[in-house]
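1. quick one, what's the 3D model for this:
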Amino acid sequence: MTKNEVFTKEKEKLTNIFLEVEPAKRKLVEGLIDDAAFLKAENHQLKLLLRETGMIQIHPSQRHLQKPTEAARQYLKNVNSYAVIIKALNGVLAKGIIEDDDDLSEFEDE
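-> Modelled structure (predicted):
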C-alpha cells in the first residue's frame with residue numbers, strides 16, 4: 001500500500017467515526033483527523049524501512065556498541081504523537097456519548 005493510500009484510508013476511517021458527532025465538534029477535529037492520517041501514513045513508510053534496516057545499528061566488531069537508527073527514533077515519536085491525537089479524538093467522542101446519556105436521563109425520570 002502506498003503512503004497516499006494509507007493516508008486516505010485512515011482519514012476515511014476517522015471521518016466515518018465522527019459522522020454521528022455534531023457538526024461543530026466534527027469541524028473542530030478536522031485538523032486532528034488530518035494529522036492522525038498523516039502520522040499513520042508516515043509510520044507506514046518508516047515501518048517498511050525498519051523491516052529492512054532494523055531499529056538499532058550494531059557495531060560490526062564490537063557488538064556491545066549499539067545505537068538506535070534515526071528512522072526508529074522518528075517512528076517512536078510519531079507513534080507517541082499519533083496516540084495523543086487518538087486519545088484527544090476519543091475524548092471528543094466520549095464527551096458526546098456522555099452528553100447523549102445525560103439528555104436521555106432527563107426523560108427517564110418522567
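2. okay, which residue is most central for this structure?
-> Tyr82 (3.5 Å; C-alpha atoms, centre = their mean).
3. ok, it - contacts?
-> Residues in contact with Tyr82 (C-beta atoms under 8 Å, 6 or more residues apart in numbering) are 36, 39-40, 43. Every residue, glycine included, has its C-beta placed from N, CA and C.
4. what does Leu49 give?
-> Per C-beta under 8 Å, 6+ apart, neighbours of Leu49: Ala71.
5. do I have it right that Asn4 meets Glu42?
-> No - applying C-beta atoms under 8 Å as the test, Asn4 and Glu42 come out as separate, 11.6 Å apart.
6. between the two, tell me which one has more neighbours.
-> A count of neighbours by other C-beta atoms under 10 Å puts Glu42 above the other of Asn4 and Glu42, at 18 against 9.
7. residue contacts, that one?
-> With C-beta under 8 Å, 6+ apart, Glu42 has these contacts: 3, 78.
8. show me the strands in this protein, by range?
-> Along the chain, the segments classed as strands by DSSP state E run 56-58, 66-68.
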